[in-house]
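Enquirer: Let's see this in three dimensions:
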Amino acid sequence: MKRLTLVFTFAVAAALSGESALAQTLKTVQDRGMLSCGVSQGLPGFSAPDDKGNWTGIDVDICRALAAAIFNDPTKVKFVPLSAKDRFTALQSGEIDVLSRNTTWTLSRDTSLGANFTGVTYYDGQGFLVKKSLKVNSALELNSASVCVQTGTTTEQNLADYFKSNNMKYEVIAFGGADETVKAYESGRCDVFTSDVSQLYAERLKLANPADHVVLPEVISKEPLGPMVRHGDDQWFDLVKWTLFAMVDAEELGITQKNADDMAKSDKPELKRIFGTDGNFGESLGVTKDWVSRIIKAVGNYGESFDRNVGAGSKLGIARGLNQLWNKGGIQYAPPIR
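Expert: So this is what the prediction gives:
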């Protein structure tokens, strides 16, 4: 019995030691004084640099919000542009601390890449972009079309499923990068460009004459996009996850960049919890009591980020749709801070 007890004790100690060794991301980020965030190579509305190298986008805001929660400074982020092919390797190797790059949450990615998705920043679906001159009104009219697609994404599989299920033929013309794919489409190397609908709207802005192209009405897949972190560090997983949740909860409670300081003075129980005047929710995540206040004052709530980057206040002008809050007709929903 004593021997079994001793063996069990050593096993538990070894397990705890392993967890402790893995749970170092937050400390590493704090010691470095900078968050390393993997983003796209330039997708307007989601993650793109301007001519001065300043990054903006809904995916960028997640990393700036995380930096605000940790450092009280949303500028303490190093943005690492990654192709679809290289994004997962960069996360696995530790080159980046978090991947916030229009990445679809799927079962295989959740189980085979040594990583966890932390939530959904944007509910999307795959669609098709065509030239208006083709006079195509539906994806069901694309039989025998040539289709430009980016490799290393879920897009190719969805494309094959859609055409097979509708007994249509097609030719795939695949490229390694998004820019290559768009240029090939614009130059006429294919009839159709397929990707997530949000990306189609973003890439259309890069074309010489955006008005000459139209996104077809069909949405052929579910593409929940969200950040990823490595397996094995639950503290970091929780912090990244609750950074997004805090932005969603803040919108639901009516907390904005402009009114955050005034709302923090409220005696309402839910506001006292979210602003850290009641409970130790920030400390349980490894940050400070005012972590939500830091996030909202730095980047705004989820709705503010959406509108500024991809919604009504942006060049993309995408409707909220499914990304509206659950109590306003959408499915965007966050657990409560309590």
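
Enquirer: so how far is stretch 28-41 from its chain's centroid?
Expert: Relative to its chain's centre, stretch 28-41 lies at 16 Å (C-alpha atoms, centre = their mean, to the nearest Å).

Enquirer: measure that stretch end to end?
Expert: Stretch 28-41 has its terminal residues 25 Å apart, counting by C-alpha to C-alpha, to the nearest Å.

Enquirer: Check stretch 65-76 too.
Expert: Where stretch 65-76 begins and where it ends lie 10 Å apart, using C-alpha to C-alpha.

Enquirer: mind listing the helices in the protein by residue range?
Expert: Along the chain, counting by DSSP state H, helices occupy 2-22, 25-32, 58-71, 87-93, 107-112, 155-165, 178-186, 197-204, 234-253, 260-263, 269-274, 281-284, 291-299, 302-309.

Enquirer: relative to helix 302-309, how tilted is the third one?
Expert: Translated: helix 58-71. Following axes from the mean of the first three to the mean of the last three C-alpha atoms, to 10 degrees, one obtains 130 degrees for the angle between helix 58-71 and helix 302-309.

Enquirer: counting contacts, what elements does helix 58-71 pack onto?
Expert: With contacts defined as 3 or more C-beta pairs under 8 Å, 6 or more residues apart in numbering; DSSP states H and E, helix 58-71 has these neighbours: helix 25-32, strand 35-39, strand 77-81, strand 98-99, helix 234-253, helix 291-299, helix 302-309. For every residue, glycine as well, the C-beta is placed using N, CA and C.

Enquirer: In the protein, which residue is most central in space?
Expert: Per C-alpha atoms, centre = their mean, the C-alpha nearest to the average position across the chain is that of Gly226, at 3.3 Å.

Enquirer: what sits against that residue?
Expert: Taking C-beta atoms under 8 Å, 6 or more residues apart in numbering, we find Gly226 in contact with Thr103, Trp105, Phe117, Thr118, Gly119, Val120, Thr121, Tyr122, Leu244.

Enquirer: Look up how far Gly329 lies from the third one.
Expert: Taking C-beta to C-beta, to the nearest Å as the criterion, Phe117 is separated from Gly329 by 24 Å.

Enquirer: More neighbours: these two, which one.
Expert: Between Phe117 and Gly329, counted using other C-beta atoms under 10 Å, the more crowded position is Phe117 (22 against 10).

Enquirer: can you list the helices of the chain in JSON lines and add distance to Gly42 and mean neighbour count?
Expert: Below are the helices of the chain laid out as JSON lines (distance: least, C-beta to C-beta, whole Å; neighbours: other C-beta atoms under 10 Å):
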{"stretch": "helix 2-22", "distance to Gly42": "33", "mean neighbour count": "10"}
{"stretch": "helix 25-32", "distance to Gly42": "25", "mean neighbour count": "15"}
{"stretch": "helix 58-71", "distance to Gly42": "11", "mean neighbour count": "27"}
{"stretch": "helix 87-93", "distance to Gly42": "14", "mean neighbour count": "17"}
{"stretch": "helix 107-112", "distance to Gly42": "22", "mean neighbour count": "11"}
{"stretch": "helix 155-165", "distance to Gly42": "18", "mean neighbour count": "16"}
{"stretch": "helix 178-186", "distance to Gly42": "7", "mean neighbour count": "20"}
{"stretch": "helix 197-204", "distance to Gly42": "9", "mean neighbour count": "24"}
{"stretch": "helix 234-253", "distance to Gly42": "23", "mean neighbour count": "23"}
{"stretch": "helix 260-263", "distance to Gly42": "31", "mean neighbour count": "16"}
{"stretch": "helix 269-274", "distance to Gly42": "34", "mean neighbour count": "17"}
{"stretch": "helix 281-284", "distance to Gly42": "34", "mean neighbour count": "16"}
{"stretch": "helix 291-299", "distance to Gly42": "20", "mean neighbour count": "26"}
{"stretch": "helix 302-309", "distance to Gly42": "14", "mean neighbour count": "22"}
